[in-house]
Each structure stands twice: as structure tokens, then as C-alpha cells.
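K.L.:
next comes the sequence, and after it the predicted model I'd like to discuss.
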Amino acid sequence: MTSSSGQTPAPSAKPRPPALLRRLTARGRDESHRVASPLELLFDLCFVVAVAQAGVQLVHAVAEGHAADGVLNYAMVFFAIWWAWMNFTWFASAYDNDDALYRVVTLVQIAGVLVLAAGIARAFTEHDFLLVWLGYVIMRLAMAGQWLRAAASASGEERTTALRYACGVLTCQVGWLGLVLLPEPARPWLFLVMVVVELCVPVFAEMHHQTSWHPHHIAERYGLFTIIVLGETIAAATVAVKSAVDDHDALTELLPIAAGGLLIVFSAWWIYFVVPIHGHLRSRGRAFVWGYGHYLVFTSAAAIGAGLEVAVEQAVGAAHLSTLAASAAVTLPTALYLLTVWALHSRHFKVGLAQQLVLPVTALLVICCTALGDWAVLAAGLVCSAAVVTGVVLTARTAGRERAANPAGVAG
């Protein structure tokens, strides 16, 4: 990590002095030592506040027997959080110039996500999206301003791309106003339409010119956000266990859930980071699929924490749902996480059918664990751990066979 906002130059370059204003020009894709900046880390941490609020409300909805409504609201709110994070992350990878204006506008975006987070509870309980929408307005207006600033420093197709982004962001924000104005039955349909429109904005904007995002930087940013979401999952589960022990003295009932949840999170971390993904992000098509697919990675990772809280509440009799439903609140998002990480990451690096089948089979076995009642979470954690061990052994055997077949090449 650098002391400035990711502006580390190549070793031979002279450091750039701090400035109040610089032209917001594109950075090089082959830039050396490109890492996440302190400002980006602060940005992620503040976004996780919103993720945590969404998780808390999902727990309340599921525990009270309103799982369908809770999952729908969770998906809608999480998309708003994730998409705003996405917009900033890819823009910053291409244009972060670390001047005073850039920092201030980014801090405005952070303020917007905190406003959004403050409105999540009302969105769940009262279906009132006004505060969520206002927070989104703050974030998206700041983002559009960044794109207009980039357009002012660019020319040709690069300028057209920046202007398309700015217009797309502003137009979509008008569309999201429907969540405030339309009657409740129409809002889910508007949400689906707006998701498609939002996802099409980058495709349209970069039709003739691709922004100069940095593959290693993007991979690191996504990895850091994954770590933060998994950390939030551990924190939420820990608080739930502590509260249950303090209020109900049910340590025996909670130990299998705590142990299983910890094994699931540890395995989730291992599986995500077992291979470096930045080398795969070399084309526009791959980058779009990988970047968009992380909506499921992030939502499922955060939902695991919510599921663990639900399982804890059910174990102490504080939730109005069956043991099967409480177990499914953990096993289903865990299985979804395993499948999406396999589809986006692992399958590109697996050699042979055995390696390719590890995560899909693990996801199936985790779903089967749902039927094990009070031991479902612990069993799911053990299955995930077994998948990690199996993957390590298979990879080691493959590497050993390669060394035996070509010792001269390995030595070289």
C-alpha cells in the first residue's frame, strides 16, 4: 500500500508532488506497483456499513417468517450498494489522479452511502425507499461529476466514453425515482428493468473505447472487498453467539453453529484466494462477466453471516421458523458462493475433471447438509474444509506429475 491514493509510479519515475488540482487523465494499464489506496480502503469500509445494515434487516425478516419479502428487499438494496461500489472502483482504477478535488468528491460519495445505509431499515420495514434513493443521488451525482471531469481532459473516443458514462449514470438515477413514486406491487418490476439498464451502461459506454483499468488493481480491489464482507460475516455471527449466550445460556446448542460458521468462512477465504485472478482479466468480455458476477459472490458471502445469525436465533428459540429453514439460511448462500467462485475464478485454473468437480460437488453436499437439523451448519463447515483439503491434494499431485514428466523444464 502506498501513502498516496494509488499513484505509485514506476521505479524509474520521479514522484509527483501533491497538488490541489490535476488534469483527470487516464492512467496506464501497465503501470508498475499499482495497489489499493488508503482512500479506497476507507471507501470499502464505509460501504460495508451499508452491507451490515442490509444483513441485519435480512436476519429480522427471515427470523420473523418473512423470508421471501426479506430476500427481495435484500437483493434490491444490495444491488444499489454493490453497483455504486462497482462504478467507483472501475473509474478509480482508470482515472484516480489523487488531487484534492478527486479526494473531496470521493468523500462525498462515502457520505452518500452512509445516507443510503441509514435508510435501509425503513426500506425493509416500511417499504420506504426515499432515504435510500437520496443517498444514491448523492453518490451518483458525484460519480457523474467525476466522469464529466474526465471528459474535459480527454478527446476523441475517450471523451465520448466518459460522456456516455456521465449521461448513463444521470439517466438511470431518474429511473430509480420510481422506487419512491410507484405503488409497491410495481417496484420489483421496475427494479428488474433498472438492473438491466444499469448493467448496459458500461457496455454501451465502452463500445468503441475501453477505459484503462488496471487488471492487478481491479483484482486486488475485489479481493479486499471480499475479505471485508467475510469479516463482517464473522463479526455478525460472533455478536449473535455472544448475545445468545448472555441471554439464554445456550452454549452447548451454539457451539456447533459457531464452529461450522467459522469453518465455512475460513474455507470461503481459502477458495477465493487460492489462485491469482488478475492474469485472467485481459479482455473486455472477461472483465464484464467477472465484474458483474461478483454481485452473487458478495451477496452470498454477506448472506452467510445473516444465515448464521438466523441459525443462532432459531437454536435459542428466538426465531419463528423451523430448524430446516434456519439451516437453509446458511447452506443455500454457502452453496451459491461456492458455485459462483468456481464459475468466476477456479474453473479457469483447474486441470482435469477431478479438480473441476470439487467445488460443484461441494456445493451439492452443502445443500444436502440442510437436512441434518441442529448439526447442519457444522456438517456444512466440515464439507467445505474437506473441499479445501481435496483441492490442495489434487493440485499437489498434478504439480508432482508435471515435475516428474519435465524435470529439466522445472529446473529451468
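P.N.:
Arrived safely, thanks for sending.

K.L.:
so the residue positioned nearest the centre of the chain is in which element?
P.N.:
The residue lying closest to the centre of the chain (Cα atoms, centre = their mean) is Phe298, at 3.3 Å. If you go by DSSP states H and E, Phe298 is part of helix 284-315.

K.L.:
just the buried positions in the next helix-or-strand element following that helix, please.
P.N.:
Toward the C-terminus, helix 284-315 is succeeded by helix 323-344 as the next helix or strand (DSSP H and E). For helix 323-344, the neighbour count (16 or more other Cβ atoms under 10 Å) marks 323, 325-344 as buried. C-betas here are computed from N, CA, C, even on glycine.

K.L.:
again with stretch 226-236
P.N.:
Counting neighbours by 16+ other Cβ under 10 Å, stretch 226-236 gives 226, 228-230, 232-234, 236 as buried.

K.L.:
which ones among these are found in helices?
P.N.:
Of the buried residues of stretch 226-236, the ones assigned to helices by DSSP state H are 226, 228-230, 232-234, 236.

K.L.:
closest to Glu198 out of these?
P.N.:
The nearest member of those to Glu198, counting by Cβ to Cβ, is Val229 at 20.7 Å.

K.L.:
how near is the closest residue in space to the closest one that isn't next to it in sequence to Thr334?
P.N.:
Once flanking residues are discounted, Val229 sits nearest to Ala301: 4.6 Å by Cβ to Cβ, 6 or more residues apart in numbering. Using Cβ to Cβ, to the nearest Å, one gets 9 Å for the distance from Ala301 to Thr334.

K.L.:
for the residue nearest to Val169 when sequence neighbours are not counted, helix, strand, or coil?
P.N.:
Nearest residue to Val169, sequence neighbours excluded (Cβ to Cβ, 6+ apart): Ala144, at 4.6 Å. Of the three states, Ala144 takes helix according to DSSP: H, G, I helix; E, B strand; the rest coil.

K.L.:
just checking, Glu220 touches Glu40?
P.N.:
No - Glu220 is beyond contact range of Glu40, at 9.4 Å (criterion: Cβ atoms under 8 Å).

K.L.:
what is in contact with Ala301 and Thr334 at once?
P.N.:
Ala268 (Cβ atoms under 8 Å, 6 or more residues apart in numbering).

K.L.:
hmm, who's touching stretch 256-267?
P.N.:
With Cβ under 8 Å, 6+ apart, stretch 256-267 has contacts from 230, 233-234, 237, 241, 304, 308, 311-312, 315, 330, 334, 374-382, 384-385, 387-388.

K.L.:
which parts of the helix holding Phe298 are buried?
P.N.:
287, 290-292, 294-315.

K.L.:
and the angle from it to helix 323-344?
P.N.:
For helix 284-315 against helix 323-344, the angle by axes from the mean of the first three to the mean of the last three Cα atoms, to 10 degrees is 160 degrees.

K.L.:
quick thing: my sequence starts at 48, can you match it?
P.N.:
Happy to do that; since the first residue is 48 now, the last one works out to helix 331-362.

K.L.:
quick check: mean pLDDT across helix 331-362?
P.N.:
For helix 331-362, mean pLDDT rounds to 89.

K.L.:
from the chain's centre, how far out does that helix sit?
P.N.:
7 Å (Cα atoms, centre = their mean, to the nearest Å).
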